Structures are given as C-alpha cells and as structure tokens.
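**Student:** Curious how this folds, go ahead:
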Amino acid sequence: MRTEDDDIQRIARRRVARKTGFYIHLLVYVLVNAGLYAVNLWTASIDGHGIRWHQFPLLGWGLGLAIHGLVTWLSLTDLRETMVDREVERLRRR
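**Tutor:** As a prediction, this is how the structure comes out:
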C-alpha cells in the first residue's frame, strides 16, 4: 500500500534526477566547448587563417542545452501533474 510519504519520495527522486541530468549536460557542454575553443585557437595559430569554427558547435549545442533547461524547469513547476490532475477530475465528473 502506497503512502503519501512514498509518493513524496518518488516525486523528489524524479525531480533530483531531472536536475542532475541537466547539470551533467551543462558540465559536459562547458568542458567540451572549452576544449574545442582551445583546439580552434591552436589550429588557427598553426595555419594562420584564424577561422573561428568552434562557435558552430557552441551555438548548436547551446540551443539544445537551452531547450533541455527549459524542459527541466517546466517539469519542475508541476505543470504536467497539474494538467493530469485536471483531466482526472474531468473524467471523474462524467
């Protein structure tokens, strides 16, 4: 039999997992793009052209990271659970 404490634990674990997933994504983004920037500086100094190609993965991945952050934030606001609760109430009224 599930108790309210079990439900709270389940919700808390899910929220922590979402936050942790976003923080890991952010850390990998920063580390990889810092490495790409360093490689770009090193290769640009070798060939002398100075082409800044590192900005393309930075911007593309940054967009993905922003979307991930938005989805994480929206999920933490309980928007989905509120909508589910409303649908349950509508179905019970039938």
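**Student:** just for this protein, where's the confidence low?
**Tutor:** Within the chain, the stretches with pLDDT under 70 are 47.
**Student:** Please give the number of neighbouring residues around residue 54.
**Tutor:** Residues near residue 54, counting by other C-beta atoms under 10 Å, number 19. Using the backbone N, CA and C atoms, a C-beta is placed for each residue, glycine as well.
**Student:** List the contacts of the closest residue to it other than its chain neighbours.
**Tutor:** Residue nearest to residue 54 in three dimensions, not counting chain neighbours: residue 40, with 3.9 Å by C-beta to C-beta, 6 or more residues apart in numbering. Neighbouring residues of residue 40 by C-beta atoms under 8 Å, 6 or more residues apart in numbering: 52-54.
**Student:** those strands in the chain, which residues are they?
**Tutor:** Using DSSP state E, the chain contains no strands.
**Student:** a markdown table please, covering the contacts of residue 40 and showing distance to residue 31.
**Tutor:** As requested, the contacts of residue 40 are exported to a markdown table (distance: C-beta to C-beta, whole Å):
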| residue | distance to residue 31 |
| --- | --- |
| 52 | 19 |
| 53 | 18 |
| 54 | 13 |
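**Student:** Give me the contacts around stretch 1-16.
**Tutor:** residue 76.
**Student:** Could you give the separation of it from the chain centroid?
**Tutor:** 22 Å (C-alpha atoms, centre = their mean, to the nearest Å).
**Student:** next one: stretch 22-35
**Tutor:** 11 Å.
**Student:** what's the distance between the residue nearest in space to the middle of the chain and residue 43?
**Tutor:** The residue lying closest to the centre of the chain (C-alpha atoms, centre = their mean) is residue 68, at 3.1 Å. Computed as C-beta to C-beta, to the nearest Å, the residue 68 to residue 43 distance reads 29 Å.
**Student:** Show me where the chain has its helices.
**Tutor:** Applying DSSP state H to the chain gives helices spanning 4-47, 55-76, 79-93.
**Student:** where's the second one relative to the chain centroid, distance-wise?
**Tutor:** Here the centre of helix 55-76 is set off from its chain's centre by 6 Å, with C-alpha atoms, centre = their mean.
**Student:** mind saving the C-alpha coords of that helix as CSV?
**Tutor:** Taking Å, rounded to 0.1, in the frame of the first residue of the first chain, the C-alpha atoms of helix 55-76 are listed here in CSV:
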residue,chain,number,x,y,z
GLN,A,55,31.3,28.8,-32.5
PHE,A,56,29.2,26.5,-34.6
PRO,A,57,29.1,23.5,-32.1
LEU,A,58,28.9,26.1,-29.3
LEU,A,59,25.7,27.7,-30.7
GLY,A,60,24.1,24.5,-31.9
TRP,A,61,24.7,22.6,-28.7
GLY,A,62,23.8,25.7,-26.7
LEU,A,63,20.4,25.7,-28.3
GLY,A,64,19.9,22.1,-27.3
LEU,A,65,21.1,22.9,-23.8
ALA,A,66,18.7,25.8,-23.5
ILE,A,67,15.8,23.6,-24.6
HIS,A,68,16.9,20.9,-22.1
GLY,A,69,16.9,23.6,-19.4
LEU,A,70,13.5,24.9,-20.3
VAL,A,71,12.0,21.4,-20.3
THR,A,72,13.6,20.7,-17.0
TRP,A,73,12.3,23.9,-15.5
LEU,A,74,8.8,23.4,-16.8
SER,A,75,8.8,19.8,-15.5
LEU,A,76,9.8,21.1,-12.0
